[in-house]
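1. Fold the following.
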Amino acid sequence: MSNWFFTMKDDTKKVIVLSWDWQERKTKAFLSKIDDEKRKKEEYEIEKLNNLEKPQWRWVDPYEISNTWTNFINDVKLEDFEYDLWDKTLVFFDTETTWLEFDADVIEISFIICRWKEWITESWTSLFKTDKKIAIWAKMKSWITEDMIENKEYFKNSWHYALLKELSEDENVIFIAHNIEFDKWILESHWIKLEPKRCICTFKLIKLLFPDAESHALVWLKYCYPMILQASRRMNLVQEEHRAWYDTIMLQLTFNFIINYIQNNDKFSTKDFDKILDRMIELTNSLIQMKYIPFWKYKWEDFENIYFEDQKYLERMYIREKEKTKEERPSLDLIYTIEKTFAKFNHNKIQLNSFKK
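-> The predicted structure is shown next:
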């Protein structure tokens, strides 16, 4: 039977639809209306987001003063921040590697050098050739593939390598990176040694200042803090996340954010840049007690809660980290945190022989 048929009356075409077919069409029309309303709502939200001048942040630091935020957003341009230094050189840098092994090759490096109270005096970024296979996870993170670097020179043969090695031997140079322990570890395998007393880790500082942040990664920070997001928008940093040059600029903005946060917050005792810099270096080279586990089974759970819920889990994690070699990069902060947690609730030491290797 046909789904529809025509009858002609008074030269007017009429359509008579069978009841079951009409119900089906009515349902489709209703669902189409819902989809249309959903699409319009999404378009409205996108338009609203694109026109947002003062983006909302995901969480609020309880110690923060609202007026400080307003001044940051309206008055401070992080990309124009000047460092009150006369005798120091700041080197912001980031590396991309074939993956996370100790003998991994550097396939991209970017650095920005600031000297003597000048904003940007020198900045470079470059790709490098490697004979090693780039891990699929590294490709997904950095978007760098073998065909992009096959005609480049090797990192150790480049002038970038020579400059970085020269800077590493200069006592007046301070190196700044996000998770600098990894970059130090990689560069050490390339015979470039960065002295701890001249290193600052913004990743560690952000964890100390804002332990409750949803993430401490560079790509997340700009969405957590409107000050960084506004600066990145002014600089049109909207693509190429995880590439070395992008991460280096975001690193610089994050460093400036930390300086501004400390200098404009009454809970800190100094506004002097040199003293803040010294304290940053001291904290970078100190063990810190973590508040949450950032991975695995109990991700984002408080260490103290896990102690009471699953003490054996913490013991296994502790043993695993203690047994790692230097090349496997044990987390000293994690070891320290577990030791402090056990010490707080239990006077006995962790039984390292509780489990077989």
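
2. Which secondary structure elements does the one helix or strand E315 maps to sit against?
-> If you go by DSSP states H and E, E315 is part of helix 311-322. Under the contact criterion of 3 or more CB pairs under 8 Å, 6 or more residues apart in numbering; DSSP states H and E, helix 311-322 touches helix 303-309, helix 332-345. Where C-beta positions appear, they are placed from N, C-alpha and C, glycine not excepted.

3. List the buried residues for that helix?
-> Along helix 311-322, these residues count as buried under the neighbour rule (16 or more other CB atoms under 10 Å): 311, 314-315, 317-321.

4. Could you find the closest non-adjacent residue to E304?
-> The spatially closest residue to E304, leaving aside those adjacent along the chain, is T341, at 6.2 Å (CB to CB, 6 or more residues apart in numbering).

5. For Y307, see how far away that neighbour is.
-> Here the distance between T341 and Y307 works out to 5 Å (CB to CB, to the nearest Å).

6. Which residues are in contact with each of these two?
-> With contacts taken as CB atoms under 8 Å, 6 or more residues apart in numbering, the residues that reach both T341 and Y307 are L314.

7. So for the two, which sits in the more crowded spot?
-> Taking other CB atoms under 10 Å, T341 and Y307 do not tie; T341 has more neighbours (21 against 17).

8. The more buried one and E315 touch, don't they?
-> No: if you go by CB atoms under 8 Å, T341 and E315 don't touch, sitting 10.9 Å apart.

9. Any idea which residue is closest to the centre of the protein?
-> By CA atoms, centre = their mean, the mean C-alpha position of the chain lies nearest to A217, the distance being 1.9 Å.

10. any low-confidence regions in the stretch 1-150 of the chain?
-> When the per-residue scores of the stretch 1-150 of the chain are filtered using pLDDT under 70, the ranges that remain are 1-38, 41-42, 44-77, 85-86, 116-121.

11. next one: the stretch 151-300 of the chain
-> Screening the stretch 151-300 of the chain residue by residue with the criterion pLDDT under 70, one finds the ranges 237-242.

12. Against which helices or strands is the helix or strand where I112 lies packed?
-> Assigning secondary structure by DSSP H and E places I112 in strand 106-115. In terms of contacts (3+ CB pairs under 8 Å, 6+ apart), strand 106-115 is packed against strand 89-97, strand 122-127, helix 136-142, helix 159-168, helix 244-263.

13. follow-up on the earlier one: who's in contact with the residue nearest to E304?
-> Under the criterion of CB under 8 Å, 6+ apart, the contact list for T341 reads 303-304, 307, 314.

14. The helices and strands packed on helix 311-322: which one's closest to E166?
-> E166 sits nearest to helix 332-345 of all the helices and strands packed on helix 311-322, at 29.4 Å, using CB to CB.

15. For that closest one, list the C-alpha coordinates in CSV.
-> Below are the C-alpha coordinates for helix 332-345, written out as CSV (Å, rounded to 0.1, in the frame of the first residue of the first chain):
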residue,chain,number,x,y,z
LEU,A,332,61.4,12.2,44.6
ASP,A,333,58.4,14.4,45.5
LEU,A,334,56.2,11.3,45.4
ILE,A,335,58.6,9.4,47.6
TYR,A,336,58.9,12.3,50.0
THR,A,337,55.1,12.7,50.2
ILE,A,338,54.4,9.1,51.0
GLU,A,339,57.1,9.1,53.7
LYS,A,340,55.6,12.3,55.2
THR,A,341,52.1,10.8,55.1
PHE,A,342,53.2,7.6,56.9
ALA,A,343,55.1,9.7,59.5
LYS,A,344,52.1,11.7,60.3
PHE,A,345,49.9,8.8,61.2
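
16. can you pull the buried residues of it?
-> Neighbour-count burial for helix 332-345, counted by 16+ other CB under 10 Å, picks out 333-335, 337-338, 341-342.

17. residue contacts, N285?
-> Taking CB under 8 Å, 6+ apart as the contact definition, N285 lies against 196-197, 199.

18. let's see it at 6 Å
-> Each residue near N285 by CB atoms under 6 Å, 6 or more residues apart in numbering is listed here: P196.
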